[in-house]
Structures are given as structure tokens and as C-alpha cells.
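Student: With the input below, show me the fold.
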Amino acid sequence: MTNIKLSVSKKIPSLRPGVAVVIGVQKTSKGIELAEHTVSTESLNHLDLKALGVTWTAESIARIPGPEGSVFALVGLGAEELDEDILRELAAAATRSLGDFDEIIFDLPTEDERDAVCALEGAILGTYRYHSAFDKPAKAKPKSVVVVSQVAVSATAITRARVMATSVNRVRDLVNTPPNLMFPKSLADLVSADLKDTDLKVTVLDEKELKAGNFGGILAVGQGSSRPPRMVKIEYSPKKAKSHLALVGKGITFDTGGLSLKPPASMVGMKYDMTGAATVFQAVSAIAKLGLAVKVTAFMCVAENMPSGSATRPNDVITIRNGKTVEVLNTDAEGRLVLADGLSAASELEPDMIIDIATLTGAARVALGDRYSAVMGTADAVSAVEAAAFDAGELVWHMPLPSELRSRLDSDVADIANAKIGSTAGGMLLAGVFLREFVGTDKSSAKQQSWAHLDIAGTANNEGSAYGYTPKGATGVALRTLVTVAEGMSR
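Tutor: Now for the predicted structure:
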């Protein structure tokens with residue numbers, strides 16, 4: 001985890017060179033004014049803040065010399081009511097802008113423990129700078145982050161903020177790593193090495209073991225690559241577990257589209273197609289670090305989708321782990337094939353809830369843009385994800401799974417086809433309908449097992465400029481939502 005010192009103090013720490021004090025700026029009837037704060041700002045009284053470029057616009061930052069060689073960083077609070085989500089975003093934006101300081105002191109209005117902790121969490125998220133997932137991170141600034149608040153904050157709450165934010169940043173590193181370094185075996189080896197000295201059990205299935213286990217979807221997607229696929233299973237089994245959560249992540253380390261080749265422009269950025277697998281890996285790791293009383297089994301479905309003489313062809317028929325046959329009509333609809341195996345394996349364990357997460361369809365981005373993730377599935381699981389996302393400050397939108405779409409996936413030679421060629425209507429929903437076929441049935445009730453599907457195709461990668469706690473590139477979206485779901489199941 002990050003080595004940044006985190007603390008909450010009722011007093012302003014000593015000011016000196018290398019220290020930045022973040023104070024909010026808001027718009028009032030009198031014009032631009034400083035928000036409630038603790039530090040003495042007498043040195044600012046005679047200054048025309050507006051003339052110095054200070055604004056109340058959200059996340060704007062202006063630096064002004066402070067006492068004893070320190071610097072005041074005046075951050076715009078924006079027009080919205082200040083709450084924990086905005087505090088998280090403001091702290092991240094400020095930290096990203098103040099990365100050259102040794103210590104950052106946040107002197108912002110906080111009403112309760114949650115506000116203070118969200119500021120700490122945002123600060124760590126704002127420190128993110130890419131380095132290869134295979135290298136040890138360099139010591140980065142700031143060395144210390146202090147939130148000035150009169151509320152009491154527990155050590156447990158600070159630890160949670162550190163674990164959450166550090167895990168998000170780790171997902172970002174995994175996803176941003178170039179695909180010549182990040183391929184199925186290297187990712188599996190990294191997981192095994194990272195979790196070697198923990199209480200987590202890691203099982204890696206290679207191509208021979210995948211064949212023996214009837215994982216036909218993962219094998220079919222990976223057979224065109226010279227770098228064979230892997231299934232990585234991670235198990236967290238605390239003695240006092242109150243329930244069982246299964247996580248399934250799409251791990252396409254690079255997606256060319258296979259023989260249904262993507263256009264060149266669409267292929268750039270396809271290293272992000274393993275975000276789902278990276279997210280479930282870090283989610284179960286974070287859950288274990290927090291010691292939550294919930295059993296978690298994570299399945300990373302990892303393959304590289306490449307065109308070659310051995311690649312899967314359109315019209316090929318494959319058999320998924322649960323015995324259902326699939327006619328592959330579009331080899332670029334490969335994510336649902338590896339997830340089908342993962343969902344089948346997860347269903348066999350009969351967990352209390354299954355959540356899969358994937359950069360699955362471009363249609364998700366068309367429908368919901370770049371900031372909302374789609375969630376679909378059974379009512380109970382969808383509700384749990386929506387509630388967790390709200391608590392985590394992440395944006396999800398419930399999408400339907402229309403039963404009438406199932407007929408569009410009919411095949412003359414298999415139980416189901418993986419795509420409807422020639423139609424783009426409801427592409428995100430159609431993928432969800434396909435995945436539902438591989439979620440098991442509850443033996444006691446004969447109903448479908450509790451399941452939610454998260455399509456993060458639009459939210460996993462930020463192609464534009466950084467904002468709030470979201471950097472350019474991999475975002476680490478939904479990690480905090482998954483951990484929050486687990487927290488709810490542990491109570």
C-alpha cells in the first residue's frame with residue numbers, strides 16, 4: 001500500500017517550506033470568499049483574490065504565498081452543495097495539482113467522520129502516476145496528507161480509505177501497463193506473486209487444465225494467440241464468513257477482434273479490455289486486507305484475442321463450462337465467451353451473489369456515455385450494487401434484460417449464438433441476455449441465482465483530461481463499489 005502518512009488533526013500542523021494548505025473558495029452575495037477554515041489567513045486580507053486569478057469554479061487551484069514559506073492553495077468549491085463525494089473529488093484534484101509538495105494540509109469544511117475520510121481517500125487517488133505493474137513504485141510526493149477537522153476519526157476508517165484508494169491505483173497500473181508486458185501468463189504470475197504471502201488462495205489453470213475443465217469459451221478466445229489463456233481463481237475464506245460473494249472479471253489482455261478484425265483506430269486502447277479481471281483481483285485483495293467477514297471467490301478469465309491460422313472462426317461451435325453450446329458468429333464478441341465460463345464456474349459454488357464486471361460492449365458507451373456504468377441482472381443483486389455505488393460515490397444506471405431479445409441469439413446448430421450479425425439495436429442488453437444463460441439456478445427455489453452484470457466499457461478508460469479523482473487513462477472504476485457490496489454482505 002501507499003507509504004503516504006495519513007492523519008486527521010484538530011489543529012493546523014506547523015507551516016514551513018514544502019507545505020501546501022488547501023482552503024476552499026466559494027461564491028457569496030459579497031463575491032468570492034474563503035470557506036470556513038482553521039488556519040490564520042491574515043496575510044490574504046489585503047489581497048484582491050479575483051485579480052490574482054482565484055475563482056470559485058469547481059477544482060480551480062490558485063497558489064498564494066503563505067506563512068513561514070508555506071503556500072495557500074485556494075480551491076474552488078463550485079456551485080453544488082459540499083458533500084463527501086465533492087470533498088473526495090476536490091481533494092484528488094488538489095493533490096494532483098500539488099504533487100511537488102512534501103505535505104498537503106486540507107483545511108476544508110467537514111461535518112462528520114465520513115467527510116474527513118473521503119478527503120483522505122481522494123488525496124491518495126489524486127497522487128496516481130502510472131508506473132508498470134511489474135515495477136516497484138517509486139516513492140512519490142506528498143509524503144504526508146493531513147485533514148484538519150474537529151470531528152473524531154477512527155484508525156479503522158483511515159485504514160479503509162488507504163486500502164480503497166491504493167487498490168484503485170493498483171488497478172490503474174495493471175490496466176495501463178502495455179500489452180507486450182501484460183499478457184495471460186504474465187498477469188497470472190503477477191497475481192500469484194502479489195498474493196504469495198497472504199491468506200488468499202490462488203489457483204491458476206493453464207491451457208491444458210482449461211481443456212480438462214471444459215472451459216471452452218476461454219480456450220476459443222485464446223487459441224489464436226501464441227500466448228495461451230489462463231483462468232486465475234482467488235479465494236478468500238475467513239472463518240466467520242456470513243455469506244459468499246463470487247466475482248467474475250473479463251481479462252482480455254489485448255483485443256484485436258480476432259478474425260472479425262477491428263479497424264485500426266478501434267484497436268488502439270484495447271489493452272484496457274482486461275479491466276474487469278484487474279478489478280476483481282484487487283477487490284478480493286482489498287476485502288482481505290480489510291478483514292471483512294464474507295467469503296469471496298474471484299475468477300479472472302484471461303486471454304489474448306488474436307487473428308491467426310489457429311484462431312476461432314465465425315460459425316465455429318464451442319462448448320462452455322456448463323455444457324451449453326455457442327455458435328461464434330462474431331469473434332469480436334469474445335468477452336461474453338470468457339465470462340460465460342467464469343459465470344458457469346461461479347454458479348457451481350452456489351454463492352449468495354455473483355457479480356461480473358467487464359469492458360463488454362461499445363453500446364454501453366453509446367447509451368450511457370463515459371461516466372455511468374451499466375448494471376443489469378436480478379433485482380436483489382442490482383439493488384445491492386446500486387446502493388453500494390451510491391455509498392462509494394460511483395455512478396451506475398440500471399438497464400433492462402428484455403426477454404424478447406433472446407430469440408435474436410437463436411442458432412440452427414447450437415444452443416445459442418454469441419451475437420446478432422447485422423443489427424446494432426440494444427447491443428449492451430443483448431450481451432446481458434447472453435450472459436444470463438450461464439448463470440445457474442438456485443436448487444432450493446428453482447430461481448436464477450442472485451447475479452449482477454456491470455458493463456464498464458465507457459467508464460474504465462478516460463480518454464480526456466483528468467477531473468476529480470479520475471486520471472487520464474485507466475480509471476479503476478467500480479473497485480470501491482465491489483468492496484462496498486462485500487462490506488454489506490459481511491454485516
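
Student: could you measure residue 450 against residue 380, distance?
Tutor: Using C-beta to C-beta, to the nearest Å, we find residue 450 at a distance of 5 Å from residue 380. The C-beta positions use only the backbone N, C-alpha and C, and glycine is treated the same way.

Student: which neighbours do those two share?
Tutor: With contacts defined as C-beta atoms under 8 Å, 6 or more residues apart in numbering, the residues shared by residue 450 and residue 380 are residue 353.

Student: So those two - more neighbours on which side?
Tutor: residue 450 (21 against 13; other C-beta atoms under 10 Å).

Student: Show the contacting residues for residue 24.
Tutor: Contacts for residue 24 (C-beta under 8 Å, 6+ apart) come out as 34, 35, 36, 37, 74, 75, 76, 77, 82, 90, 108, 109.

Student: which SS class is residue 248?
Tutor: strand (DSSP: H, G, I helix; E, B strand; the rest coil).

Student: what does stretch 209-220 rub up against?
Tutor: So stretch 209-220 is in contact with 205, 207, 229-231, 301-303, 312, 316, 318-321, 323, 326, 328, 337-341, 345, going by C-beta under 8 Å, 6+ apart.

Student: Among these, which ones are in helices?
Tutor: Here DSSP state H is the test, and those give 207, 337, 338, 339, 340, 341, 345 as lying in helices.

Student: Show me which of the residues you listed is closest to residue 67.
Tutor: The closest of those to residue 67 turns out to be residue 339 (C-beta to C-beta; 56.4 Å).

Student: Tell me how many other residues surround the closest one.
Tutor: Neighbours of residue 339 (other C-beta under 10 Å): 30.

Student: So it is in contact with residue 358, correct?
Tutor: Yes: using C-beta atoms under 8 Å, residue 339 is in contact with residue 358, at 6.0 Å.

Student: Next, show the common contact partners of the two.
Tutor: residue 250.

Student: out of the contacts of residue 24, who's nearest residue 390?
Tutor: So of these, ranked by how close each gets to residue 390 (C-beta to C-beta), first place is residue 82, at 17.7 Å.

Student: Need phi/psi at the closest one.
Tutor: phi -70, psi 120 (degrees, to the nearest 10).

Student: Next, work out how far apart it and residue 469 are.
Tutor: Separation of residue 82 from residue 469 (C-beta to C-beta): 16 Å.

Student: Among these two, which residue is more densely surrounded?
Tutor: Higher neighbour count among residue 82 and residue 469: residue 469, with 27 against 19, using other C-beta under 10 Å.

Student: residue contacts, the nearest residue to that one once chain neighbours are set aside?
Tutor: In this structure, residue 469 finds its nearest non-sequential neighbour in residue 92, 3.5 Å apart by C-beta to C-beta, 6 or more residues apart in numbering. With contact set as C-beta under 8 Å, 6+ apart, residue 92 has these partners: 122, 123, 125, 126, 468, 469.

Student: Would you mind putting the CA coordinates of the helix or strand hosting residue 92 into PDB?
Tutor: In this structure, residue 92 sits in helix 84-97 according to DSSP states H and E. The C-alpha trace of helix 84-97 is given here as PDB (Å, rounded to 0.1, in the frame of the first residue of the first chain):
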ATOM      1  CA  GLU A  84     -18.500  13.700   0.900                       C
ATOM      2  CA  ASP A  85     -18.400  13.000  -2.900                       C
ATOM      3  CA  ILE A  86     -17.300  16.500  -3.800                       C
ATOM      4  CA  LEU A  87     -14.800  16.500  -1.000                       C
ATOM      5  CA  ARG A  88     -13.300  13.400  -2.400                       C
ATOM      6  CA  GLU A  89     -13.100  15.000  -5.900                       C
ATOM      7  CA  LEU A  90     -11.700  18.300  -4.600                       C
ATOM      8  CA  ALA A  91      -9.000  16.600  -2.500                       C
ATOM      9  CA  ALA A  92      -7.900  14.500  -5.500                       C
ATOM     10  CA  ALA A  93      -7.800  17.500  -7.900                       C
ATOM     11  CA  ALA A  94      -5.800  19.500  -5.400                       C
ATOM     12  CA  THR A  95      -3.400  16.700  -4.700                       C
ATOM     13  CA  ARG A  96      -2.800  16.100  -8.400                       C
ATOM     14  CA  SER A  97      -2.000  19.800  -8.800                       C
END
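
Student: what lines up beside the helix or strand following it in the sheet?
Tutor: Sequence order places strand 103-107 as the next helix or strand after helix 84-97, per DSSP H and E. When pairs are called by DSSP bridges, strand 103-107 turns out to pair with strand 19-28 (parallel), strand 144-148 (parallel).

Student: any chance of these in TSV, with mean pLDDT and distance to residue 56 too?
Tutor: TSV is the format used below for the strands paired with strand 103-107 (pLDDT from 0 to 100; distance: least, C-beta to C-beta, whole Å):
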stretch	mean pLDDT	distance to residue 56
strand 19-28	95	4
strand 144-148	98	20
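
Student: Got a PyMOL select line for the buried ones in the contacts of residue 24?
Tutor: Applying 16 or more other C-beta atoms under 10 Å to the contacts of residue 24, the buried members can be selected in PyMOL as follows:
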select buried, resi 34+35+37+74+75+76+77+82+90+108
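
Student: Format the contacts of residue 24 as TSV; extra columns: secondary structure, distance to residue 354 and pLDDT.
Tutor: Putting those into TSV (DSSP: H, G, I helix; E, B strand; the rest coil; distance: C-beta to C-beta, whole Å; pLDDT from 0 to 100) gives the following:
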residue	secondary structure	distance to residue 354	pLDDT
34	strand	49	95
35	coil	44	95
36	coil	45	94
37	coil	47	96
74	strand	47	97
75	strand	41	97
76	strand	42	97
77	coil	40	96
82	coil	37	94
90	helix	36	97
108	coil	39	97
109	coil	41	96
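
Student: From the contacts of residue 24, pick the one nearest residue 173.
Tutor: Nearest to residue 173 out of these is residue 90 (C-beta to C-beta; 24.0 Å).

Student: State whether that closest one and residue 61 are indeed in contact, as I suppose.
Tutor: No: counting by C-beta under 8 Å, residue 90 stays clear of residue 61, with 9.8 Å between them.

Student: okay, and the common contacts of these two?
Tutor: If you check residue 90 and residue 61 against C-beta under 8 Å, 6+ apart, the residues they both contact are residue 75.

Student: Can you list the low-confidence ranges for this structure?
Tutor: 1, 138 (pLDDT under 70).

Student: what domains does the record give for it?
Tutor: The chain breaks down by automatic domain parsing into domains covering 5-148, 170-489.

Student: Pick the most deeply packed of these.
Tutor: The highest average neighbour count among the domains of the chain, using mean count of other C-beta atoms under 10 Å, belongs to domain 170-489 at a mean of 21.

Student: That domain: how far from the chain's middle?
Tutor: For domain 170-489, the gap between its own C-alpha mean and the chain's C-alpha mean amounts to 12 Å (C-alpha atoms, centre = their mean, to the nearest Å).
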